[in-house]
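Peer 1: Sequence below, structure please.
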Amino acid sequence: MALISSRVRDHAVGDGGTPGALKPPRKIPASLPGLAMAAAGVALAWAVHWLVPAVPMLTAAVVLGIAAAHTPGLRARIRGTGRAGLTLAGKRLMRIGIVLLGLKLSLHDVLGLGWATVVMVLAVVAATFGGTLWLGRKLGLRGDQPLLIATGYSICGASAIGAVSEVTGSDEEDVATSVALVTLCGTLAIAVLPLLHHPLGLDDAQFGRWVGAGVHDVGQVVATAQTAGPDALTDAVLVKLMRVAMLAPLVAAVAMSVRARRAAAATGKSPGKRPALVPLFVLGFLAMVAVRSTGQVPGGVLDVAQHTQELLLAAALFGLGSAVHLPSLVRTGGRVAALGLSSWVVIAGASYVGVLLTT
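Peer 2: Numbering: from 1, shown residues only. As a prediction, this is how the structure comes out:
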């Protein structure tokens, strides 16, 4: 009896020695449910890509995120317990994925395409970015959508949108809507551009460069260009990575613009938090480009980094897709669709002319 009483007394006394104070249960981190949802979304996206190789995993991840956010039963969890983790995936995991994206880019490969191609890519990026931004503002799109859509079309799709949104502090719904539009148009390119290969009079190398200069996401470029063979795929990826190299200067320029705008709006009061001129993840991206350019990185390490980057970006895009609110998108759908179609025509046309002039 004495032993039993002692055990009961020990159980009733907490760690602090206060009778009746039971040790509180360990709390589950608020981000864990959402991160688990993102991991499940990545697994499903990988399965879709495995079953239908023409569908890039990143594209599948965005679509699955949108679907999950509008599925009865899942919708409440996505917007409730899962929101914190899904937002974390859309921001933090996106940053890490962008850093690893730098390992795909070697300055030696890019310069090997020749200065004419470099000038062509710069002209296409400038025309697409400037034209899309101008038209988006004329159409009266909300918030940062014109800037984000212009960035996604001109540089590298959802990755570029995520990078710029980090320095602008864009609304999550604006980011999600921009990602959805750019992903949709990039997905359509996979089906449409191969049909125009021969009617436009392009040889395989020219077609590859056209795809690399005109399609948004790296995965979509690969899916589109591989229809014309390995030579077209090689040129497409190199031209596309040259566009990716524009990500760092663009983000730095946007950060400078945001700092100047906030300083001008301060008018005697604190301007608030200013974004870094070159965000840390962009410096990481540039560092990875420098590492890859040394030619000393083993192939196995590059393979692991590529797979890791794809998984991280897929998780981030699932998180961003889950923030899309289709009723809100429908309300501005006509204007958003008009901007997307117009920008698509601009980048495809500018890329086509550029390829003909440089080959």
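Peer 1: in the stretch 51-200 of the chain, which spans are helices?
Peer 2: Taking DSSP state H, counting those that start in this stretch as the test, the helices found in the stretch 51-200 of the chain are 57-69, 75-79, 83-88, 94-101, 107-111, 115-138, 145-154, 158-168, 172-196.
Peer 1: Check the stretch 251-359 of the chain too.
Peer 2: 280-293, 299-321, 326-331, 333-358.
Peer 1: Lowest average confidence across those helices, which one?
Peer 2: If these are sorted by mean pLDDT, helix 326-331 sits at the bottom with a mean of 68.
Peer 1: Could I get the helices of the stretch 51-200 of the chain in JSON lines, plus columns for distance to Ala38, mean pLDDT and mean neighbour count?
Peer 2: Any C-beta I mention is one placed from the backbone N, CA and C, and that applies to glycine too. Below are the helices of the stretch 51-200 of the chain laid out as JSON lines (distance: least, C-beta to C-beta, whole Å; pLDDT from 0 to 100; neighbours: other C-beta atoms under 10 Å):
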{"stretch": "helix 57-69", "distance to Ala38": "8", "mean pLDDT": "86", "mean neighbour count": "25"}
{"stretch": "helix 75-79", "distance to Ala38": "11", "mean pLDDT": "86", "mean neighbour count": "15"}
{"stretch": "helix 83-88", "distance to Ala38": "6", "mean pLDDT": "88", "mean neighbour count": "21"}
{"stretch": "helix 94-101", "distance to Ala38": "11", "mean pLDDT": "83", "mean neighbour count": "23"}
{"stretch": "helix 107-111", "distance to Ala38": "32", "mean pLDDT": "77", "mean neighbour count": "14"}
{"stretch": "helix 115-138", "distance to Ala38": "29", "mean pLDDT": "91", "mean neighbour count": "18"}
{"stretch": "helix 145-154", "distance to Ala38": "21", "mean pLDDT": "91", "mean neighbour count": "28"}
{"stretch": "helix 158-168", "distance to Ala38": "14", "mean pLDDT": "85", "mean neighbour count": "27"}
{"stretch": "helix 172-196", "distance to Ala38": "14", "mean pLDDT": "83", "mean neighbour count": "22"}
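Peer 1: how about TSV for those helices, with distance to Pro327 added?
Peer 2: Shown next, in TSV, are the helices of the stretch 51-200 of the chain (distance: least, C-beta to C-beta, whole Å):
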stretch	distance to Pro327
helix 57-69	11
helix 75-79	12
helix 83-88	18
helix 94-101	25
helix 107-111	43
helix 115-138	21
helix 145-154	16
helix 158-168	21
helix 172-196	11
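Peer 1: quick one, which of the ones you listed is nearest to Ser31?
Peer 2: helix 83-88 (3.9 Å; C-beta to C-beta).
Peer 1: rewinding a little: nearest to Val239, of the helices of the stretch 51-200 of the chain?
Peer 2: helix 115-138 (6.4 Å).
Peer 1: still on that earlier bit, single out the most deeply packed of the helices of the stretch 251-359 of the chain.
Peer 2: Burial of these is given as mean neighbour count (mean count of other C-beta atoms under 10 Å); helix 299-321 ranks first at a mean of 21.
Peer 1: re the thing from before, so which of the helices of the stretch 251-359 of the chain is nearest Phe129?
Peer 2: Of all the helices of the stretch 251-359 of the chain, helix 333-358 sits nearest to Phe129, with 9.4 Å by C-beta to C-beta.
Peer 1: Now do the end-to-end distance for stretch 210-221.
Peer 2: 10 Å (C-alpha to C-alpha, to the nearest Å).
Peer 1: Give me the mean pLDDT for it.
Peer 2: Here the average pLDDT along stretch 210-221 is 85.
Peer 1: In this structure Val175 contacts Ala163, no?
Peer 2: No. Taking contacts as C-beta atoms under 8 Å, Val175 lies outside contact range of Ala163: 10.9 Å.
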